[in-house]
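> Sequence first, then the predicted structure, then my questions.
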Amino acid sequence: MIRTLIVDDSPLVRSILRDFLESEGSFEIVDEAENGQDGVNKTKECNPDLVTMDYEMPVMNGLDAIVEIRKFSSCGIVVISTHDTAKMAYEATVKGAHEFFAKDNFTSKMSDMQRSEIYNTLKHIANLKKKEHVQSEITEQISTVQRKINCIVIASSTGGPMALCQLFSVLPADFPVPILLVQHNTSGFDKGFVQWLDGYSQLDVKLAEEGIFPFEGNVYVGPTDKHLTVGAEGIAFNFDAPVCNQKPSADVLFKTAAEHYGDSLISVVLTGMGSDGAEGTRFVKNAGGITIAQDEATSMIFGMPQAAIETGCVDIILPLNEIAQKLLELTGGES
């Protein structure tokens with residue numbers, strides 16, 4: 001059983017979360033807390049595997065509570081909050097939270113697929129072991145022939161906000177190519193995510209808009225609930241069915257980018273659950289592009305990078321802290 005502590009100042013929300021978790025059968029609610037300080041104290045007492053944390057609470061807010069908990073515990077922490085606190089909830093991922101869900105998700109309108117995805121994510125987070133981030137061997141199969149790079153596409157999911165924060169904080173403002181990003185987000189949080197990530201980057205991080213042509217020094221983030229594509233007419237969206245249970249899907253972005261940019265494209269698959277980005281990596285490789293995946297040691301969840309690597313189409317496997325430098329080398333940017 002996954003020993004779980006629920007921290008929220010609303011008795012109604014605590015009841016909803018308790019019913020949601022207990023109905024699955026794998027979660028045991030060991031206690032509840034009504035504010036951040038109470039949550040810190042009960043985490044010490046109960047030593048839970050998983051803590052669900054509200055953001056706005058009296059006495060101590062969720063962000064401060066996470067900072068305190070991280071001083072003595074490596075338990076899984078997920079923020080469950082409202083849309084208007086999205087930017088600050090993403091800040092919690094830098095402080096030690098693993099994921100962020102909207103309270104709106106936990107309603108009777110939730111589909112079976114959404115319910116299953118949340119359960120699986122929570123189980124993975126609860127079972128995370130403290131990792132020793134070691135240097136990984138760099139696997140390179142790419143051609144030594146110099147080529148101009150015109151675009152980079154990136155895929156990330158669970159653990160992605162923290163990884164992207166680290167990656168983009170290193171890239172300079174004059175980075176010579178545009179970046180298109182699919183980060184699997186809870187519907188409705190894309191604007192908050194963009195505002196938050198932009199604060200950590202010298203690049204201009206913005207929500208992708210239809211008809212815009214990607215320009216160097218910019219990061220274009222795919223909005224939720226639509227697929228991000230790129231082609232001769234610039235950025236576009238489609239509303240097709242989810243791919244790998246995701247919309248936006250990295251596979252869709254990578255495929256269209258490979259068709260448009262060919263061997264002048266780089267793809268990067270970062271931490272996340274599932275296999276989105278694996279088939280996309282195959283498309284990029286077959287089009288002559290360069291493919292990169294984050295290594296296991298530095299991935300919060302290795303699912304997506306592992307699926308990409310298992311296609312046999314990944315050229316370079318790197319720890320997170322070396323990916324920015326590799327992108328600078330491959331694009332001719334400043335090191």
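Structure's in. What do you need?
> Strands along the stretch 101-250 of the chain, start to end?
With DSSP state E, counting those that start in this stretch, the ranges of strands along the stretch 101-250 of the chain come out as 139-140, 151-156, 179-183, 204-207, 218-221, 227-231, 234-238.
> Go through those strands and name the closest to residue 104.
Using CB to CB as the measure, strand 179-183 is the one of the strands of the stretch 101-250 of the chain that comes nearest residue 104, at 18.6 Å. Every residue, glycine included, has its C-beta placed from N, CA and C.
> Let me see the contact set for residue 37.
59, 60, 65 (CB atoms under 8 Å, 6 or more residues apart in numbering).
> gap between the residue nearest to the second one when sequence neighbours are not counted and residue 229?
In this structure, residue 60 finds its nearest non-sequential neighbour in residue 36, 3.1 Å apart by CB to CB, 6 or more residues apart in numbering. With distances defined as CB to CB, to the nearest Å, the gap from residue 36 to residue 229 amounts to 42 Å.
> Tell me which of those two has more neighbours.
residue 36 (27 against 24; other CB atoms under 10 Å).
> What is the burial count for residue 75?
Neighbours around residue 75, by other CB under 10 Å: 22.
> That one and residue 50 touch, don't they?
Yes. Under the criterion of CB atoms under 8 Å, residue 75 is in contact with residue 50, at a separation of 6.5 Å.
> which residues in the stretch 51-200 of the chain form helices?
Listed in chain order, the helices found in the stretch 51-200 of the chain under DSSP state H, counting those that start in this stretch are 62-69, 86-95, 112-126, 160-168, 190-198.
> avg pLDDT for the first one?
Looking back up the chat, that one is helix 62-69. The average pLDDT within helix 62-69 is 96.
> same question, stretch 201-208
Mean pLDDT, stretch 201-208: 96.
> Same question for stretch 78-92.
83.
> Extract the C-alpha set from it and format it as CSV.
Included here for stretch 78-92 are C-alpha records, laid out as CSV according to Å, rounded to 0.1, in the frame of the first residue of the first chain:
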residue,chain,number,x,y,z
VAL,A,78,2.4,16.3,-5.7
VAL,A,79,0.8,19.8,-5.6
ILE,A,80,-3.0,19.8,-6.1
SER,A,81,-4.1,23.3,-6.6
THR,A,82,-6.3,25.7,-8.5
HIS,A,83,-5.6,27.4,-11.9
ASP,A,84,-4.9,30.8,-10.4
THR,A,85,-1.9,29.5,-8.5
ALA,A,86,-0.4,27.7,-11.5
LYS,A,87,2.7,29.8,-11.8
MET,A,88,3.6,29.3,-8.1
ALA,A,89,2.7,25.6,-8.2
TYR,A,90,5.3,25.1,-10.9
GLU,A,91,7.8,27.0,-8.6
ALA,A,92,7.1,24.2,-6.1
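> any weak-confidence spans in the stretch 101-250 of the chain?
When residues are selected by pLDDT under 70, those of the stretch 101-250 of the chain lie in 108, 129-145, 187-188.
> Please repeat the previous calculation with a cut-off of 50.
Low-confidence regions of the stretch 101-250 of the chain, defined here as pLDDT under 50, cover residues 130-136, 144.
> Need the three-state assignment for residue 266.
Under DSSP: H, G, I helix; E, B strand; the rest coil, the three-state class of residue 266 is strand.
> can you tell me how far it sits from residue 298?
Counting by CB to CB, the separation of residue 266 from residue 298 is 19 Å.
> one step back: do you know which of the strands of the stretch 101-250 of the chain lies nearest residue 332?
When the strands of the stretch 101-250 of the chain are compared (using CB to CB), the closest one is strand 151-156, at 12.8 Å.
> Give me the helices and strands touching the closest one, please.
Where contact means 3 or more CB pairs under 8 Å, 6 or more residues apart in numbering; DSSP states H and E, strand 151-156 is packed against helix 160-168, strand 179-183, helix 250-261, strand 265-269, helix 278-286.
> ok and it relative to strand 227-231, angle-wise?
Strand 151-156 runs at 170 degrees relative to strand 227-231, counting by axes from the mean of the first three to the mean of the last three CA atoms, to 10 degrees.
> distance of residue 167 from residue 34?
According to CB to CB, residue 167 stands 37 Å off from residue 34.
> Nearest spatial neighbour of the spatially most central residue of the chain, chain-adjacent residues omitted?
The centroid of the chain falls nearest to residue 160 when counting by CA atoms, centre = their mean (2.4 Å). Nearest residue to residue 160 in three dimensions, chain neighbours excluded: residue 183, at 4.9 Å (CB to CB, 6+ apart).
> Tell me how the chain divides into domains.
Domain ranges of the chain: 2-126, 139-331, per automatic domain parsing.
> Check the offset of the first one from the chain's centre.
Between the mean C-alpha location of domain 2-126 and the chain-wide mean there is a distance of 17 Å, by CA atoms, centre = their mean, to the nearest Å.
> Good, we can wrap up now.
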